[in-house]
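Enquirer: output the structure for:
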Amino acid sequence: GEFLKDYIFPVGSYSKLEVRLMAADVFSGLNILSKKESSGVCFIGERNMASFLSQYITLTPGRFVDITTGEVVGRHNGKETLTYGQKARISGQKEKYYVVKKLIDSNDVFVARGSTNSHLLTDKVTVNVESFVWISGIAPGDLLTSDNWRCRVRYNDDCIRCNIEMTNNQLVVFLHSLTPIVSPGQVLALYKEDVCYGGGIVIE
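Expert: Have a look, this model is predicted:
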């Protein structure tokens, strides 16, 4: 927070397209406008994530468990390669399953059947207080009382109105509308109007 408050972002309110057009005008010899967009992890390029991770960590295979029925519906090759909301590759099932929960102390991965399953949506996100970074250096005085907070958990999503409570030294963010479930480890950012006040790591 002490340093972020003095940062200046030169791109400002320009869109990516506007920046690329300006760059193309200056660097006419570079094929900037036709360059393919990157959709993979930027520092490893396009590749199979499971195969990549297995080169550096030991994957822990286990069971796919239907979160509604408790039935074992398949097996996976490593929970480290799976993320919330992802399609679970389970053979022999008529309807697709999606990852909705992972446990630290178990190799079981819980899955929900069908893309409209209620387990794929949430109206609450819990954030680690110790990880939260306030741009001003301190939490705002109206953090727990204001009705003007909005949050964003994915960079390309719209902000969602929310209210905040403190429970067991964690920030619990109650969303005014449902959003796809959020994987632990993602970052939630808090806003008022267009001003970002800070962000912290999601734990649940």
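
Enquirer: which strands or helices does the longest strand along the chain pack on?
Expert: For the chain, the strand reaching the highest residue count under DSSP state E is reported as strand 170-180. Strand 170-180 makes packing contacts with strand 121-128, strand 160-167 when contacts are defined by 3 or more CB pairs under 8 Å, 6 or more residues apart in numbering; DSSP states H and E. Quick note: C-beta positions are derived from backbone N, CA and C, even for glycine.

Enquirer: what's the first helix or strand after the longest helix seen in the chain?
Expert: Assignment by DSSP state H gives helix 16-26 as the longest helix of the chain. Downstream of helix 16-26, the first helix or strand assigned by DSSP states H and E is helix 49-54.

Enquirer: same question for that next one, mean pLDDT?
Expert: Across helix 49-54, the average pLDDT comes to 80.

Enquirer: C-terminal to it, what's the next element?
Expert: With elements assigned by DSSP H and E, the helix or strand that comes after helix 49-54 is strand 62-66.

Enquirer: so of the helices and strands packed on strand 170-180, which one's packed in deepest?
Expert: strand 121-128 (a mean of 17; mean count of other CB atoms under 10 Å).

Enquirer: how much does that one deviate in direction from strand 170-180?
Expert: Strand 121-128 and strand 170-180 meet at an angle of 150 degrees, taking axes from the mean of the first three to the mean of the last three CA atoms, to 10 degrees as the criterion.

Enquirer: next one: the helix or strand that strand 121-128 is followed by to chain centre, how far?
Expert: Note on strand 121-128: by DSSP H and E, the next helix or strand toward the C-terminus is strand 133-134. Shown here is strand 133-134, whose average C-alpha point lies 18 Å from the average C-alpha point of the whole chain (CA atoms, centre = their mean, to the nearest Å).

Enquirer: who does strand 133-134 pair up with?
Expert: In the sheet containing strand 133-134, the strands it pairs with under DSSP bridges are strand 195-201 (antiparallel).
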